[in-house]
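> sequence first, predicted coordinates after that:
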Amino acid sequence: MNTKPILVVGAGFAGACYARTLAEAGYAVTVIDSRSHIGGNAYDEIDHNGNRVHRYGPHLFHTSNEQVVDWVKRFGEWTPYEHRVDAQLADGRLVPLPVNRTTINTVFGAALSNDSEVEAFLRRLAVPCESPRNAAEHLYSKIGIELTDLFFRPYTKKMWLMDLEEVDISVVSRVSIRHDTEDRYFPNDKFQIMPKHGYTAIFSNIFDHPNITVRLSENFNKAMHEDYLHCFNSMPIDAYFDNVLGELPYRSIKFHHRTQESAADWKCSVINFTDARAFTRETAWYLLPHHRQPDGTGYSHTLEEPCDYRDNGLERYYPVKTADMRYQKIYKKYAELADELPYITFIGRCGTYQYLDMHQVINQSLMGAEKWLQRR
Ligand SMILES: Cc1cc2nc3c(=O)[nH]c(=O)nc-3n(C[C@H](O)[C@H](O)[C@H](O)COP(=O)(O)OP(=O)(O)OC[C@H]3O[C@@H](n4cnc5c(N)ncnc54)[C@H](O)[C@@H]3O)c2cc1C
């Protein structure tokens, strides 16, 4: 056992991966989190209706990375679950999302019957553009104006408070357009699983190690550096440096919960709203596997309303990526400042100012912890 302990700031997936790897290598690790719970944004709990609810929006685990799956399976049972999402059109009809052949046939009243017919159809709709500079030009060049303006324009506006013309291509290219009738949300991922007893139970098991101490409702302060060998920190990097180079903005979400007396007649657990109403999506929690307890009473739903993080108690969810990458340029300068400090490593979503899915955070953090150990 090394004498001086290591400090991990943040009990989300980034902090949990660092803490467990370093603890198993013989280091004493203290994990602090300003929140009153472990799990970061993946935290879930059983609500008053007896439904499991993810406090920070539905978290679907999907990856093709076998090492990541092997690692998370060490800490609890996982159950196969293939996520599907419907989008609600203005007239109330539900169509598969991401857009696939069924979606296109419904929207245009068409009868396209194979991939090549869909390809040819989209080619006719597309507005050619040799080198698209932003999300609007990219989408118009792929699927034309009507589908872009139906499925992407109002949604992007309420999600990012930006027009597609201001948004970077990478923000929309995450969403595929399919020529077949595949309707799974993550069709390319080999592993699509959910924790049988919830994410919080997985986190409890990750932190359950004699070398790990977890302290909740505790904020990081710089005086802590003196007591620790090294600090792995998942706090927002701009906040650590007191915003000296400017603020790194985030979009946030206000969650509105409601209870139904009976289960909704939905095919999918999530419905997205593509129109201009304030909400982006609604989740029916009890439609996710193992989310309704045997003694459940009501049926819990959550609506999501995007907002600026300053209007939501500084809850930082999605880093903002504009087409001119102005905030990523500021982040780079913060990262250069951080490189000069040998006693701290910024980790995770807010430490690296990147939107990262859980499997990506886990992969990066496990590799980061191993690298740090190898250098010692
Ligand atoms: C609405 C929403 C839906 C999502 N859905 C999915 C999904 O379906 N699938 C998927 O793979 N990923 C999803 N994600 C992404 C997922 O939440 C992240 O990949 C993951 O939470 C990142 O882990 P992290 O440890 O980097 O950050 P976090 O989980 O945010 O953990 C960071 C922790 O650090 C703590 N902290 C911050 N500052 C301080 C401080 N100064 N002092 C002490 N503690 C501090 C915070 O309280 C927080 O608990 C979603 C994210 C959001 C916001």
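Nice, I can see it. Residues are numbered from 1 along each chain as shown.

> so where do the strands sit in the stretch 201-350 of the chain?
Ranges of strands within the stretch 201-350 of the chain are 212-216, 231-233, 250-260, 270-273, 281-284, 299-308, 318-319, 344-346, based on DSSP state E, counting those that start in this stretch.

> what's the first one packed up against?
In terms of contact count using 3 or more C-beta pairs under 8 Å, 6 or more residues apart in numbering; DSSP states H and E, strand 212-216 is assigned the packing partners helix 13-24, strand 29-33. Every residue, glycine included, has its C-beta placed from N, CA and C.

> please list the residues of this protein that sit near the ligand.
Applying C-beta under 6 Å from any ligand atom, one finds that the chain approaches the ligand through 9-15, 32-35, 40-42, 56-61, 219-220, 234-235, 253, 317, 348-349, 356-359, 361.

> repeat that with 5 Å
Counting by C-beta under 5 Å from any ligand atom, the chain comes close to the ligand at 9-10, 12-14, 33-35, 40-41, 57, 59-60, 219-220, 234-235, 317, 348-349, 356-358, 361.

> buried only: go through those for me.
9-10, 12-14, 33, 35, 40-41, 57, 59-60, 220, 234-235, 317, 348-349, 356-358, 361 (16 or more other C-beta atoms under 10 Å).

> which stretches of this structure have low pLDDT?
Across the chain, the ranges flagged by pLDDT under 70 are 1-2.

> what residues go with each domain of it?
6-82+191-249+315-375, 85-173 (automatic domain parsing).

> got CSV for these, with distance to Glu182 too?
Output for the domains of the chain, formatted as CSV (distance: least, C-beta to C-beta, whole Å):
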stretch, distance to Glu182
domain 6-82+191-249+315-375, 11
domain 85-173, 6
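
> the strands in the stretch 1-150 of the chain, which residues?
6-9, 29-33, 44-46, 52-54, 61-63, 78-80, 85-88, 94-97.

> of those, which is nearest Ile202?
strand 78-80 (8.5 Å; C-beta to C-beta).

> packing partners for that closest one?
Against strand 78-80 (3+ C-beta pairs under 8 Å, 6+ apart) you get strand 191-195.

> can you list contacts of the strand it packs on?
60-66, 69, 72, 76-83, 184, 186, 201-202, 288-290 (C-beta atoms under 8 Å, 6 or more residues apart in numbering).

> now with 10 Å, please.
42, 44, 52, 58-66, 68-70, 72-73, 75-83, 184-186, 201-203, 205, 288-291, 359 (C-beta atoms under 10 Å, 6 or more residues apart in numbering).

> quick one: neighbours of the nearest residue to Ala110 once chain neighbours are set aside, just the number.
Leaving out its chain neighbours, the residue that sits closest to Ala110 by C-beta to C-beta, 6 or more residues apart in numbering is Ile104, at 6.4 Å. Using other C-beta atoms under 10 Å, the number of residues around Ile104 comes to 22.

> who are the contact partners of Ile104?
Contacts of Ile104 by C-beta under 10 Å, 6+ apart are 95, 110, 112, 117-118, 121-122, 125, 143, 147, 177-179.

> quick one: buried ones out of those residues?
Members of the contacts of Ile104 classed as buried by 16+ other C-beta under 10 Å are 95, 112, 117-118, 121-122, 125, 143, 147, 177-179.

> burial check on Leu139, number of neighbours?
29.

> hang on, it packs against Asp149?
Yes - using C-beta atoms under 10 Å, Leu139 is in contact with Asp149, at 9.1 Å.
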